[in-house]
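**Q** next input, structure requested:
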Amino acid sequence: MELKPHDLIKLSSLRNGFLTEEHELPQWAQNSLQASPYVVVRRAPFRGEYIPVGVRGKKRSERFGFYISKRDISEVISPIQLQESFPSKERQHLKAFQTLKRVRDILQTEERWGLGGSVGFELATGIETVKETSDVDVILYKEDAVNIKKARELLAYLDDLQSRVDISVETKFGSFSLMEYCSKESFLLKTIEGPKLIQKPFFS
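**A** As a prediction, the model looks like this:
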């Protein structure tokens, strides 16, 4: 099983010890895992059988990174699996989910894409994390060159929707913001070794 950044993991147990840079998880993180035993794979080096993950809290500032054992995995949900997932009827009115309808139409020509962030988390877990102000986080998976002209056309289509759509491009080299890639001569590439400032052209 190959785990990648943005994959959601459902934990089979909260009793085993987690590896952290501190002595233990913050109390808010413990409470979050008790309510919803899901973590997301982080972009960091693996430590043997231990996987770098993060847990989210109720506040935007509540994010904590640590490591779990592969033995603690109950289920893995990739962003791509959420393409055709839908919220409950009671949540469909939220701007982010209304925006998602249009996003699906616009991304029909993209072979591999998925959903992350609060939208992806709620669709995967059923836990209500999306707010009226939430963005729609889209992950595009690219093996080949990113065509600037087509990328700018895609961003233009997505620019006038109810909620902001934030697109990250996942490549074999790392991840970058499609908006930044299209608008700047240099852009930030997120790798497992840390962020790197990259000059264009890239993938050429």
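
**Q** domain ranges for the protein?
**A** Domain assignment of the chain by automatic domain parsing yields the ranges 8-77, 79-199.

**Q** and the last one, how far out from the chain middle?
**A** Pointing back at domain 79-199 there. 8 Å (Cα atoms, centre = their mean, to the nearest Å).

**Q** what mean pLDDT does it get?
**A** Domain 79-199 comes out with an average pLDDT of 92.

**Q** could you tell me the end-to-end distance of that domain?
**A** By Cα to Cα, to the nearest Å, the extent of domain 79-199 from end to end equals 28 Å.

**Q** same check, this time on the first one
**A** Domain 8-77 has its terminal residues 5 Å apart, counting by Cα to Cα.

**Q** which residues sit in contact with Leu188?
**A** Phe176, Ser177, Glu180, Pro195, Lys196, Leu197, Ile198 (Cβ atoms under 8 Å, 6 or more residues apart in numbering). Using the backbone N, CA and C atoms, a C-beta is placed for each residue, glycine as well.

**Q** change it to 7 Å
**A** Phe176, Glu180, Pro195, Leu197 (Cβ atoms under 7 Å, 6 or more residues apart in numbering).

**Q** next: Gly65.
**A** Arg42, Pro52, Gly54.

**Q** swap the cut-off to 8 Å and go again
**A** Each residue near Gly65 by Cβ under 8 Å, 6+ apart is listed here: Glu21, Arg42, Ala44, Pro52, Val53, Gly54.

**Q** Gln83 too?
**A** Arg104, Trp113, Gly114, Leu115.

**Q** which of those residues ranks first by neighbour count?
**A** Sorting the contacts of Gln83 by how many neighbours each has (other Cβ atoms under 10 Å) puts Leu115 first, at 26 neighbours.
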